[in-house]
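Peer 1: No letters, just coordinates:
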């Protein structure tokens, strides 16, 4: 579908890596760019969001010689959770330092706090030269919960609503729920639906033995499943350094999620920063050689949903 496009900007988990052995898949942390129904949606703000911002700035500058007549950048940012690898790039997302930019941020609140307070304390303030209130753009930060949804109508900003809202033919609906399969405060799982097509973003999700019924129902029959695959099964079960309980899945778990949800296609995502191109190529050969609907994410990968 021409008006439902996905571009992977950062595909690593935990922390970014920069080395000649990581050039093929990339070393930036989580960020997926979605252009759907005329709207720009960014999934997470890891270091991958920096390149998205650079491209947006190029288009912004090219839109007019006169700075006062340039087309404003409008975007919706969905935060899965507030761990650092999913926030590292936000302050270096250049459009937030342009006055005309309009950015709406949605994400889960942590215990006894709000998303706005968390971002102010963790990302800005002591961690960055500017406080949240010093940012030039118009930024609206919303804490969200399971009972809500986000509706985007053509040529209109997103609004918070309920999952059972009436959806027009050209509307984009974002539904979500908070899963507690990731340590501390859990993680938000997102689904973007448009004209009968759907994308599910399930990063930092550790699978249950036998399947996660809530997730299976939520992601059922989706067209594109972007699923955490931080570890190989061998690393996950390693007797010296087991990863069970870390809040991440294996490639086998992600494959099983695809089967259980009957997703039409699967993209492995959020790779361990220690997995270089050689290792990921071996993994790709093993999991994708006999299944054209499965692939590993890499920086710059573009898909039509």
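Peer 2: All right, it came through fine. Predicted model, so just to flag it, every value in this text is computed and none were measured.
Peer 1: Counting neighbours, which bits of stretch 283-299 end up buried?
Peer 2: When burial is assessed from 16 or more other C-beta atoms under 10 Å, stretch 283-299 yields the following buried residues: 283, 284, 287, 294, 295, 296, 297, 298, 299. The C-beta positions use only the backbone N, C-alpha and C, and glycine is treated the same way.
Peer 1: which phi and psi does residue 216 have?
Peer 2: Backbone torsions of residue 216, given as degrees, to the nearest 10, read phi -60, psi -40.
Peer 1: actually residue 122, not the one I wrote
Peer 2: Taking degrees, to the nearest 10 as the convention, residue 122 sits at phi -90, psi -30.
Peer 1: Quick check: nearest residue in space to it, chain neighbours excluded?
Peer 2: Once its chain neighbours are removed from consideration, residue 122 has its nearest residue in residue 82; the separation is 6.2 Å (C-beta to C-beta, 6 or more residues apart in numbering).
Peer 1: Let's verify that neighbour: helix, strand, or coil?
Peer 2: coil (DSSP: H, G, I helix; E, B strand; the rest coil).
Peer 1: Between the buried residues of stretch 283-299, which sits nearest residue 268?
Peer 2: Comparing those against residue 268 with C-beta to C-beta places residue 296 closest, at 4.8 Å.
Peer 1: quick one, what contacts the closest one?
Peer 2: Taking C-beta atoms under 8 Å, 6 or more residues apart in numbering as the contact definition, residue 296 lies against 25, 229, 267, 268, 271, 280, 283, 284, 287, 288.
Peer 1: and which of these is nearest residue 208?
Peer 2: residue 229 (15.9 Å).
Peer 1: I'd guessed that closest one sits against residue 272; true?
Peer 2: No - Residue 229 sits out of contact with residue 272 when judged by C-beta atoms under 8 Å, with a separation of 9.1 Å.
Peer 1: Those two: who's more crowded?
Peer 2: residue 229 (31 against 18; other C-beta atoms under 10 Å).
Peer 1: how about the nearest residue to the more buried one, chain neighbours excluded?
Peer 2: Here the nearest residue to residue 229 in space, its sequence neighbours aside, is residue 268; by C-beta to C-beta, 6+ apart that works out to 3.8 Å.
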